[in-house]
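Asks: Return a 3D structure for these sequence lines:
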Amino acid sequence: MGLENFPDVFKELVVENLANITEVSQEIGCGEGTLSRYASGLSTPTLEMTVRLADYFGVTCDYLLGLDEDSAAEDFLPCPPFAKRLEEVLKLFNISRYKLTKITGIAESVMRYWVQGKTQPSAESIVKIAQALGCTVDFLIGRCIDL
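Replies: Alright, predicted model coming up:
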């Protein structure tokens, strides 16, 4: 499974929860057009929107993004700011930001903006980092404590 499965998982979750794009949009505070682009595969969510959607549907971010077949619904921790969490994870895995940029292909300037809190990573970037480190997206963002 991979991020390319996200649109299908998202649409299935909408149907399984007897919802529609309008209801989900109102509940999570996101435009209907944005959610429609997610459903059609034209775009993927930001980190913040990924967490909002996963919380709304009661699933892991990994399941929502199409990376895991098990939704493993549980109580999730509130996510710390990504800049802080990224530094914690890099220390835990004993890897530098420079090395992570080389492994993932994500530009150092992009990571610098994350660390400075100027921008938030996309779902694609989060998935690349999690895969490079061999951990789940939920662990990477601090939503759970299990690798």
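Asks: can we go C-alpha only for contacts and neighbour counts from here?
Replies: Fine.
Asks: For stretch 61-72, give the distance from the opening residue to the closing one.
Replies: 10 Å (Cα to Cα, to the nearest Å).
Asks: nope, stretch 18-38 is what I meant
Replies: 18 Å.
Asks: starting at the chain centroid, how far to that stretch?
Replies: In terms of Cα atoms, centre = their mean, to the nearest Å, the centre of stretch 18-38 is found 17 Å from the chain centre.
Asks: tell me the average confidence for it?
Replies: Stretch 18-38 shows an average pLDDT of 92 in the prediction.
Asks: Can you give the contact residues for it?
Replies: Identification of contacts with stretch 18-38 by Cα atoms under 8 Å, 6 or more residues apart in numbering yields 6, 7, 10, 14, 43, 44, 45, 52, 53, 56.
Asks: and the fifth one, what pLDDT?
Replies: Taken from the predicted model, the pLDDT recorded for residue 43 is 91.
Asks: if I pick it, what's in contact with it?
Replies: Contacts of residue 43 (Cα under 8 Å, 6+ apart): residue 37.
Asks: hmm, back to that, drop anything exposed from the contacts of stretch 18-38.
Replies: Among those, those classed as buried by 16 or more other Cα atoms under 10 Å are 6, 7, 10, 14, 43, 44, 45, 52, 53.
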